[in-house]
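K.L.:
here are the coordinates; sequence isn't available:
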């Protein structure tokens with residue numbers, strides 16, 4: 001039976017917010033629960049802990065919890081990586097009086113790079129932090145708070161996941177190498193706010209609500225979670241040499257201003273994106289692969305309330 005721990009002892013009647021810590025339940029992530037419990041000894045809040053059972057369980061749990069506590073003020077604290085955070089965000093969409101916070105214990109926590117002056121591993125800083133309104137991106141029936149990407153980089157994730165199942169060494173490095181060689185020429189129809197932005201073949205496309213994705217790539221240097229639009233970049237296919245020359249600019253986020261890169265890409269602030277293809281498309285939605293031949297992507301203003309940690313003292 002799933003263990004749920006409820007703490008009624010450390011309860012301050014002046015505090016109305018109730019905290020639900022949603023912890024990545026993978027066996028190799030057991031240290032997260034120990035770390036969270038250790039920190040909770042030093043705070044005075046009402047809370048409970050829930051460990052996820054499988055992929056997608058965080059979303060299911062949060063939705064059910066919200067259904068039974070629709071009027072209560074609750075902060076769901078995602079304890080894990082990008083996947084756990086995204087699942088919790090997907091769970092609270094459409095419910096009022098709900099917040100989402102993040103304790104970043106994953107191998108990939110690109111979202112926190114947008115806030116270098118905050119500690120995303122401190123329960124105390126999270127409780128004493130501030131609430132901000134965040135836009136989200138709706139992609140068919142899924143939601144992203146960070147970045148959606150497709151093309152050679154989403155295929156790199158696809159092959160990386162396959163190599164993990166096959167027990168290969170360095171699966172994501174292998175997946176990236178394979179995709180760079182074989183998946184730079186993609187036939188997509190990409191329409192952004194009514195304008196067709198795909199011409200010929202596409203190397204990759206990013207649709208960003210925040211700035212970072214992948215292995216700390218600053219894909220959208222000007223993206224902000226509350227600016228009311230998505231930053232859309234469509235990069236046409238290039239030779240392998242040109243790709244290598246462009247790589248460092250994409251890594252550091254200088255590609256938008258770099259003339260060499262700009263000649264090979266289109267950039268637009270947008271509210272709606274439509275992507276289609278005759279063959280199956282693999283999209284990375286906040287790091288999770290989804291497949292379809294057609295994607296309808298829209299920005300939803302101020303859809304989620306985030307509880308950001310308090311800023312670090314200078």
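P.N.:
It's in. Note that this is a predicted model, so its numbers are computed, not measured.

K.L.:
got any ranges where the stretch 101-250 of the chain has weak pLDDT?
P.N.:
Residues of the stretch 101-250 of the chain meeting the criterion pLDDT under 70: 107-108, 215.

K.L.:
my guess is residue 162 meets residue 178, correct?
P.N.:
No. Residue 162 lies out of contact with residue 178 (Cβ atoms under 8 Å); the separation is 9.6 Å. Using the backbone N, CA and C atoms, a C-beta is placed for each residue, glycine as well.

K.L.:
between these two, who's got more neighbours?
P.N.:
residue 178 (18 against 14; other Cβ atoms under 10 Å).

K.L.:
residue contacts, the more buried one?
P.N.:
With contact taken as Cβ atoms under 8 Å, 6 or more residues apart in numbering, residue 178 is in contact with 156, 159.

K.L.:
just checking, next helix/strand downstream of the helix or strand where it lies?
P.N.:
Per DSSP states H and E, residue 178 falls inside helix 171-182. Going down the chain from helix 171-182, the next helix or strand is strand 189-192, by DSSP H and E.

K.L.:
each with direction, which strands does the helix or strand just after that following strand pair with?
P.N.:
Scanning forward in sequence from strand 189-192 by DSSP H and E, the next helix or strand is strand 195-196. Partner strands for strand 195-196, per DSSP bridges, with pairing direction: strand 189-192 (antiparallel).

K.L.:
buried residues in the strand it pairs with?
P.N.:
Of all the residues in strand 189-192, those buried under the rule 16 or more other Cβ atoms under 10 Å are 190, 192.

K.L.:
likewise stretch 86-99?
P.N.:
For stretch 86-99, by 16+ other Cβ under 10 Å, it's 86, 87, 88, 89, 90, 91, 92, 93, 95, 97, 98, 99.

K.L.:
which residue packs closest to residue 112, ignoring adjacent ones?
P.N.:
residue 120 (4.5 Å; Cβ to Cβ, 6 or more residues apart in numbering).

K.L.:
quick check: end-to-end length of stretch 38-48?
P.N.:
14 Å (Cα to Cα, to the nearest Å).
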